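Chemist: what's the 3D shape of this:
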Amino acid sequence: MIGRGSAAARFRTSGVSMDSYMPRRRDGLRLASSLVLWLALGAPPGFAQTSLSLELAVADATARSRLVSAAESQTQAARETAAAAGQLPDPVLKLGLTNLPIDGPDRYSVTRDFMTMRSVGVMQELTRTDKRSARVRRAEREVDLAKVVRQATIADLQRDAATAWLERSYQESMRELLQAQIAQAEMQVQAAETLYRSGKGSQAEVFAARGSVEQLRDGLALTERQVAVATTQLGRWVGGNAQLPLGPRPALTLPTWTAGALAEHLTQHPQIAAAVQQEAIADSEAVVARAARSSDWSVELMYSQRGPAYSNMVSINLSVPLQWDQKNRQDRDLAARLAGIDEARARREEVQRAHEAEVRAMLQEWRSHEDRLRRYDASLLPLAMQRSEAALAAYRSGTGPLPAVLDARRGEVDVRMERLRIEMDRARLWAQLNYLLPSHDGAQAKPEAAR
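Modeler: Model (predicted):
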């Protein structure tokens with residue numbers, strides 16, 4: 001986090017008054033709060049956004065994504081499949097012509113021979129209730145998996161949208177820092193030229209000051225390109241709203257679940273939850289295979305019509321498959337499904353270990369960034385500022401050269417830029433952790449004291 005003192009120091013160095021900034025900060029707070037509320041309740045017709053906050057970017061990305069629609073369609077398809085899984089197979093309609101003579105005086109006659117019958121019948125397979133229930137449970141696990149996939153899709157796009165927003169925000173902060181330093185460097189060029197014309201300075205100092213400005217402008221050109229790239233990447237998620245000015249950055253605090261038992265909370269991680277559902281599907285497939293070891297009966301009712309001189313007939317047939325080689329068919333299929341359970345369980349445990357280790361590594365990296373930021377605020381940045389002020393004071397009093405001032409300024413800019421890079425790395429970690437779980441309880445956006 002950027003402390004109030006360090007923020008004030010940055011604004012003081014860049015020539016911007018903290019007092020003039022505070023009203024804009026309060027206005028930004030009110031605007032961001034209003035926009036979030038209107039997004040939840042529905043913005044009035046004709047309302048046009050004036051800035052893009054992180055929450056609005058994430059919400060817009062979720063609303064615009066076709067991947068979410070695809071995941072919802074997949075979930076609906078799984079529900080329809082589950083509803084059909086518990087139904088009996090379709091009945092079979094049978095039409096037949098039996099014992100038709102093909103030679104002699106009655107050939108091809110369907111009425112003169114007493115054995116000739118025209119038949120119509122229907123056959124229904126009577127699938128056992130336990131089999132149908134097992135198939136329904138298996139299909140329901142597919143529905144649960146589709147829901148997890150949808151949650152994973154939302155979590156991924158929210159994380160990517162937040163990362164893109166933060167990337168642009170920090171690149172813009174770097175641009176603002178360079179612009180402020182260029183303004184100061186141009187003033188030093190003017191001072192060097194004045195001293196040179198008055199005979200109190202050298203031409204080399206003028207060239208050195210101009211070179212420093214050009215170096216800063218080159219850095220600014222690179223940063224401008226990075227801002228444009230970040231804006232394009234943000235547009236991937238929010239469309240035309242990527243061109244809006246960004247609101248204040250949120251306070252980067254860890255989600256509350258990171259302070260608890262990680263293994264327990266990570267069961268909600270989309271990839272781990274998907275692995276759990278895959279294990280449940282494998283278990284339900286084993287139940288289906290076990291139920292398949294019992295044969296299903298089929299019943300058939302047939303009506304047969306003969307010639308006018310003969311009686312019509314009705315037939316009732318029952319049929320059942322003969323599982324004469326069950327040990328090499330049904331039993332082996334069941335063994336394969338049981339092995340599938342072991343495979344799914346092993347994969348789920350490995351995925352859980354991998355993600356737990358990944359989260360622990362991110363938390364360690366987060367703590368390292370926090371320590372570095374505290375070091376920058378407590379010593380590195382104040383020392384760089386003091387060096388610049390001392391070099392400038394010596395130059396103004398005529399006891400120090402201008403190159404020393406320029407070198408100190410470059411050092412201060414490097415320290416400030418490096419601090420922003422550390423903040424940006426920490427912000428990427430924050431996005432990874434805050435949007436790791438589909439129903440995260442991470443810190444809600446509260447604008448920082450300074451961008």
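Chemist: what does the strand or helix carrying Q277 contact?
Modeler: Using DSSP states H and E, Q277 maps to helix 270-291. Contacts of helix 270-291 with the rest of the structure, by CB atoms under 8 Å, 6 or more residues apart in numbering, involve 128, 130-131, 134-135, 137-138, 141-142, 144-145, 148-149, 151-152, 155-156, 266-267, 330, 333-334, 336-338, 340-341, 343-345, 347-348, 351-352, 355, 437-438. Using the backbone N, CA and C atoms, a C-beta is placed for each residue, glycine as well.
Chemist: Regarding R118, what is its secondary structure?
Modeler: Classification of R118 using DSSP: H, G, I helix; E, B strand; the rest coil returns strand.
Chemist: ok, and the closest non-adjacent residue to it?
Modeler: Among residues not flanking R118 along the chain, Q305 sits closest, at 4.8 Å (CB to CB, 6 or more residues apart in numbering).
Chemist: Report the contact partners of the one you found.
Modeler: For Q305, the contacting residues are 117-119, 312, by CB under 8 Å, 6+ apart.
Chemist: Out of those residues, which end up buried?
Modeler: For these, a burial check counting by 16 or more other CB atoms under 10 Å picks out 117-119.
Chemist: Between the residues you listed, which sits nearest E224?
Modeler: S119 (84.7 Å; CB to CB).
Chemist: Need the pLDDT of that closest one.
Modeler: If you check S119, the pLDDT there is 94.
Chemist: Show me the beta-bridge partners of it.
Modeler: Taking DSSP bridges as the rule, S119 bridges to G96, S304.
Chemist: What residues does it make contact with?
Modeler: Taking CB under 8 Å, 6+ apart as the criterion, S119 is in contact with 94-98, 302-305, 315.
Chemist: now R159
Modeler: Counted by CB under 8 Å, 6+ apart, R159 has contacts 431-432, 434-436.
Chemist: could I get the helix holding Q277 in PDB with only the CA atoms?
Modeler: What follows is helix 270-291, C-alpha atoms only, in PDB (Å, rounded to 0.1, in the frame of the first residue of the first chain):
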ATOM      1  CA  PRO A 270     -12.700 -24.200 -10.000                       C
ATOM      2  CA  GLN A 271     -10.100 -26.600 -11.300                       C
ATOM      3  CA  ILE A 272     -10.100 -28.500  -8.000                       C
ATOM      4  CA  ALA A 273     -13.900 -28.500  -7.900                       C
ATOM      5  CA  ALA A 274     -13.900 -29.800 -11.500                       C
ATOM      6  CA  ALA A 275     -11.500 -32.600 -10.500                       C
ATOM      7  CA  VAL A 276     -13.800 -33.500  -7.600                       C
ATOM      8  CA  GLN A 277     -16.800 -33.700 -10.100                       C
ATOM      9  CA  GLN A 278     -14.700 -35.900 -12.400                       C
ATOM     10  CA  GLU A 279     -14.100 -38.200  -9.500                       C
ATOM     11  CA  ALA A 280     -17.900 -38.200  -8.700                       C
ATOM     12  CA  ILE A 281     -18.600 -39.000 -12.400                       C
ATOM     13  CA  ALA A 282     -16.200 -41.900 -12.400                       C
ATOM     14  CA  ASP A 283     -17.900 -43.200  -9.200                       C
ATOM     15  CA  SER A 284     -21.300 -42.900 -10.800                       C
ATOM     16  CA  GLU A 285     -20.100 -44.700 -13.900                       C
ATOM     17  CA  ALA A 286     -19.000 -47.600 -11.700                       C
ATOM     18  CA  VAL A 287     -22.500 -47.700 -10.200                       C
ATOM     19  CA  VAL A 288     -24.000 -47.900 -13.700                       C
ATOM     20  CA  ALA A 289     -21.600 -50.700 -14.700                       C
ATOM     21  CA  ARG A 290     -22.500 -52.600 -11.500                       C
ATOM     22  CA  ALA A 291     -26.200 -52.300 -12.300                       C
END
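Chemist: Please list only the buried members of the contacts of S119.
Modeler: 302, 304-305.
Chemist: What number of residues are in the vicinity of the closest residue to A152 other than its chain neighbours?
Modeler: Leaving aside its sequence neighbours, A152 sits nearest to P270 (CB to CB, 6+ apart; 3.1 Å). By the measure other CB atoms under 10 Å, the count of residues near P270 is 20.
Chemist: Okay, P270 and W237: tell me how far apart.
Modeler: Computed as CB to CB, to the nearest Å, the P270 to W237 distance reads 18 Å.
Chemist: how far out from the middle of the chain is whichever helix in the chain runs longest?
Modeler: Using DSSP state H to define each element, the chain has its longest helix at helix 129-197. The gap between where helix 129-197 is centred and where its chain is centred comes out at 10 Å by CA atoms, centre = their mean, to the nearest Å.
Chemist: if you average pLDDT over that helix, what comes out?
Modeler: 89.
Chemist: Tell me which other helices or strands the helix or strand just after that helix touches.
Modeler: Moving toward the C-terminus from helix 129-197, the next helix or strand (DSSP H and E) is helix 203-238. With contacts taken as 3 or more CB pairs under 8 Å, 6 or more residues apart in numbering; DSSP states H and E, helix 203-238 sits against helix 54-64, helix 129-197, helix 402-434.
Chemist: In a markdown table: the ones you listed, plus distance to L322.
Modeler: Below are the helices and strands packed on helix 203-238 laid out as a markdown table (distance: least, CB to CB, whole Å):
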| stretch | distance to L322 |
| --- | --- |
| helix 54-64 | 56 |
| helix 129-197 | 18 |
| helix 402-434 | 58 |
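Chemist: Using ChimeraX, define a selection of the buried residues within the contacts of helix 270-291.
Modeler: Per 16+ other CB under 10 Å, the buried members of those correspond to this ChimeraX selection:
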select :131,134,135,137,138,141,142,144,145,148,149,151,152,155,156,266,330,333,334,337,338,340,341,344,345,348,351,352,355,437,438
